[in-house]
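Q: Have a look at this fold, sequence not included:
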Ligand code: IMP
């Protein structure tokens, strides 16, 4: 079975990705390949950070690798928090991050937003990027208990509930991550 490293130690992400890629690939986490420490993320776009992480690992381990980088992009905020999504309010505090986004939007502003994920896959044949987008709107307040990050303020297109009110099953059918990894899966299936 072809071994591929996914640049994460997040078990939730790992399971989600394993399900999408299927059992033709052995997806290994950073722990499983013996990587310790932090991956570099020094740029101002999701594309560059995703590439930087995958390239760093490929150079070090010389095996097929992929990484993902994702963020919330709000139209009225010129795409912010974007690449700064994880620590928009200064640290990794989801409530503070969401409150910052809500406070920056005035009542007349468009609520249009999207989650975007960029996956970078690298093997000996080259470097490939895949994008996944879920469009929606920013809710007027935080609603719902489930999920993580900005889920309580994101209402996906076609729904009236936030990601935090929808079940994980429903969310995972349409998430930006799912859409980007599905493109990777289609690519890998053609490659092999
Ligand atoms: P990462 O690139 O997957 O680590 O995501 C960066 C940040 O985006 C996370 O820390 C979350 O705050 C936010 N984020 C990414 N995906 C989601 C999601 O599906 N729901 C809510 N927030 C998300």
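A: Done, it's in. A quick note: this is a predicted structure, and the numbers were derived from the prediction, not measured.
Q: Right, and the ligand sits closest to which residue of this structure?
A: The ligand sits closest to residue 149 of the chain, with a gap of 2.5 Å, by CB to the nearest ligand atom. For glycine as for every other residue, the C-beta is placed from the backbone atoms N, C-alpha and C.
Q: Next one: the closest residue to that residue other than its chain neighbours relative to residue 54, how far apart?
A: With sequence-adjacent residues excluded and distances taken as CB to CB, 6 or more residues apart in numbering, residue 149 is closest to residue 94, at 5.5 Å. Computed with CB to CB, to the nearest Å, the distance linking residue 94 and residue 54 is 26 Å.
Q: got it, and residue 18?
A: Residue 18 sits 18 Å away from residue 54, going by CB to CB.
Q: Looking at these two now, which is surrounded by more residues?
A: Taking other CB atoms under 10 Å, residue 18 and residue 54 do not tie; residue 54 has more neighbours (27 against 15).
Q: Tell me if I'm right that the more buried one and residue 67 touch.
A: Yes. At 4.2 Å, residue 54 counts as touching residue 67 under the criterion of CB atoms under 8 Å.
Q: Find residues that contact each of those two.
A: Between them, residue 54 and residue 67 share these contacting residues under CB atoms under 8 Å, 6 or more residues apart in numbering: 7, 120.
Q: How is residue 72 assigned, secondary-structure-wise?
A: strand (DSSP: H, G, I helix; E, B strand; the rest coil).
Q: For it, list each beta-bridge partner.
A: Beta-bridge pairing for residue 72 (DSSP bridges): residue 115.
Q: Report how many residues lie close to it.
A: 26.
Q: got a list of what it touches?
A: Taking CB under 8 Å, 6+ apart as the contact definition, residue 72 lies against 81, 82, 85, 101, 113, 114, 115, 150, 154.
Q: what's the spacing between the most centrally placed residue in the chain and residue 30?
A: Central residue of the chain (CA atoms, centre = their mean): residue 70, 3.4 Å from the mean position. Going from residue 70 to residue 30 by CB to CB gives 17 Å.
Q: any low-confidence regions in the chain?
A: Across the chain, the ranges flagged by pLDDT under 70 are 192.
Q: Please, where are all the strands along it?
A: Taking DSSP state E as the test, the strands found in the chain are 2-6, 25-28, 65-74, 112-123, 126-138, 154-156.
Q: now what about the first one, what contacts it?
A: For strand 2-6, the external contacting residues (CB under 8 Å, 6+ apart) are 13-14, 17, 21, 24-30, 32-33, 57, 61, 63-68, 188, 192.
Q: Mind giving me the PyMOL command for buried ones among those residues?
A: The buried subset of the contacts of strand 2-6, as determined by 16 or more other CB atoms under 10 Å, is captured in PyMOL by this line:
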select buried, resi 13+14+17+21+25+27+28+29+30+33+57+63+64+65+66+67+68+188
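Q: Intersect the contacts of strand 2-6 with the contacts of the ligand.
A: Residues of the contacts of strand 2-6 in contact with the ligand (CB under 6 Å from any ligand atom): none.
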